[in-house]
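Student: The following comprises the amino acid sequence and a computationally predicted model.
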Amino acid sequence: MSGHGTPTPMTSHCAEPLKGTAEVPGDKSISHRSLILGAMAIGETKISGLLEGDDVLDTAKAMQAFGAEVTNHGGGNWSVHGVGVGGFAEPDQVIDCGNSGTGVRLIMGCMATSPISVTFTGDASLNGRPMARVTDPLALFGTKAVGRKGGRLPMTIVGAAEPTPVRYVVPVPSAQVKSAVLLAGLNAPGKTVVIEKEATRDHSERMLAGFGAEITVEDTDEGRVITLTGQPELKPQVIAVPRDPSSAAFPVCAALVTPGSDVLVPGIGLNPTRAGLFYTLQDMGADLTFENPREEGGEPVADLRAKFSPNMQGIEVPPERAASMIDEYPVLSVVASFATGKTMMAGVKELRVKESDRIDAMARGLRANGVTVDEGEDWWSVEGLGPDGVLGGGTCESFLDHRIAMSFMVMGMGAQNSVTVDDGNPITTSFPIFEPLMTGLGAKLSKG
């Protein structure tokens, strides 16, 4: 089973001003999808800027296990020789997805309508997360799933030998669930329809269209209706992966709370279904600007410039913005600690079932560093202490969650005293260069 090895505590010390350029890794969501759709195309897909974190590397290994030829050419350049829609071979071994909920759910989707059986596992965190939100809609295609109590990994998925297309209304906003159903629909005859009451990140729809799938998206009274025609021949692509807005969140937020900071984060994907954090920070009064806006690989991109922002105010984050920034709430709650007044975050129930219960994990850690937090099932609030009011000095549990660990590293940079997490190892799952990148800007991080 995957794991992160022996826990290694990591401490963030009060930093000098952060200065310079932060070249963050490629987008994790697009990296996963590039490998998966490349494996389902006929011919060679070439990918540049692939995120080489543990999560994405596990997806690459899975595509190899299904019979695709996946090659690392170095420097973030990869190629995938695909086997075509419906061409997956049955793996000889268990598919280990490590810490990646995105990886396991998308991979379940892409194999669910092929006549193969696949057993999935992951690390302790992933094996504790419920999979029914994906296996339930996949069952509509004729897929079967057998796992541990509560629909948890390890789990065996038996793909549908004669899949039928489905019409599925996503009950809770989730790009992972939507994408899994669409990927399953690729090998089902006829039209598969997914209806979102609230729009989520649309990388799957954009990339499916780019690979030549027949897919339409329509906004209706019923919601956002996505219709995919099954059994296409996907055409290989040349993909330049934009830099990850979720990774950019950490140097951006660190600059906002660390006195004297001025950091440029270039080439960040600003897909409107992903950029909610940056607009929320601007609403709070952050000195955050978008420079050189452009389009790369069909995605809107800009360079972000973030400067120390001592006049930020707490706000009520619009609940309808949640889907566009669900992974960024942990670090937003840290920024809220340095603002003046209360920040309210509602409509965020999905945070309870991420790599950890992120509301609980952040509430515990914030309280350990002198911040007042209130919480409910699908909301939480942070009482800001102002730009120089966060005491720090606490030790926080990361709960094997990379975003929890990095969020508290950001807090330590602006707090009066250093902040420690019990284990910094999970950071490599999504941001393998986090430590050298942040120290290169002037952060003071130590391990052990």
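Tutor: All right, it came through fine.
Student: could you give the mean pLDDT of stretch 421-432?
Tutor: What stretch 421-432 shows for mean pLDDT is 93.
Student: Could you tell me the end-to-end distance of it?
Tutor: Stretch 421-432 stretches 17 Å from its first residue to its last (Cα to Cα, to the nearest Å).
Student: Could you pull out the buried residues of it?
Tutor: Val421, Asp423, Gly424, Asn425, Pro426, Ile427, Thr428, Thr429, Ser430, Phe431, Pro432 (16 or more other Cβ atoms under 10 Å). In short, each C-beta sits where N, CA and C put it, glycine included.
Student: Stretch 303-323 too?
Tutor: Neighbour-count burial for stretch 303-323 flags 303-309, 312, 314-315, 317, 321-323 (criterion: 16+ other Cβ under 10 Å).
Student: Could you give the number of residues near Thr227?
Tutor: Thr227 sits with 18 neighbouring residues when counted by other Cβ atoms under 10 Å.
Student: what's the distance between the nearest residue to Pro91 once chain neighbours are set aside and Val118?
Tutor: Spatial nearest neighbour of Pro91, excluding adjacent residues (Cβ to Cβ, 6 or more residues apart in numbering): Ala65 at 3.9 Å. Ala65 sits at a distance of 8 Å from Val118 (criterion: Cβ to Cβ, to the nearest Å).
Student: coming back round to it: if you look at the buried residues of stretch 303-323, which of them are in helices?
Tutor: Among these, none falls in helices (DSSP state H).
Student: follow-up on the earlier one: of all the buried residues of stretch 421-432, which comes closest to Gly151?
Tutor: Using Cβ to Cβ, Thr429 is the member of the buried residues of stretch 421-432 that lies nearest Gly151, at 22.3 Å.
Student: State the phi and psi torsions of that closest one.
Tutor: Backbone geometry at Thr429, expressed as degrees, to the nearest 10, gives phi -60, psi -30.
Student: Now do the contacts for it.
Tutor: When contacts are counted by Cβ atoms under 8 Å, 6 or more residues apart in numbering, Thr429 touches Gly53, Asp54, Asp55, Gly98, Asn99, Ser100, His402.
Student: The fourth one touches Thr121, doesn't it?
Tutor: No: checked against Cβ atoms under 8 Å, the pair Gly98 and Thr121 is beyond contact range at 9.3 Å.
Student: and those two? which has more neighbours close in?
Tutor: Taking neighbours as other Cβ under 10 Å, Gly98 and Thr121 compare with Gly98 leading, 26 against 18.
Student: returning to what we had before: number of residues surrounding the residue nearest to Pro91?
Tutor: Residue neighbour count, defined by other Cβ under 10 Å, stands at 20 for Ala65.
Student: wait, isn't Ser179 in contact with Ser204?
Tutor: Yes: counting by Cβ under 8 Å, Ser179 does reach Ser204; the two are 4.1 Å apart.
Student: so what sits against both of these two?
Tutor: Listed contacts common to Ser179 and Ser204 are Arg33; contacts here mean Cβ under 8 Å, 6+ apart.
Student: picking that back up, pick the one among the buried residues of stretch 303-323 closest to Ala160.
Tutor: Distances from Ala160 to these, taken by Cβ to Cβ, are shortest for Ala323, at 28.9 Å.
Student: thinking that closest one is in contact with Lys178, fair?
Tutor: No: between Ala323 and Lys178 there is no contact under Cβ under 8 Å: 10.5 Å.
Student: need the helices for this protein, in chain order.
Tutor: Ranges of helices in the chain, per DSSP H, are 28-40, 54-65, 101-111, 124-127, 132-139, 175-185, 203-210, 245-257, 276-283, 329-338, 358-368, 402-414, 434-441.
Student: picking that back up, farthest-apart pair in the buried residues of stretch 421-432, please.
Tutor: Spanning the widest gap among these are Val421 and Pro432, at 16.7 Å by Cβ to Cβ.
Student: Listing request: residues of the stretch 201-350 of the chain with sub-threshold pLDDT.
Tutor: For the stretch 201-350 of the chain, the stretches with pLDDT under 70 are 297-298.
Student: Okay, strands next: where are they in it?
Tutor: 215-220, 223-229, 238-240, 262-269, 287-296, 299-307, 316-317, 340-346 (DSSP state E, counting those that start in this stretch).
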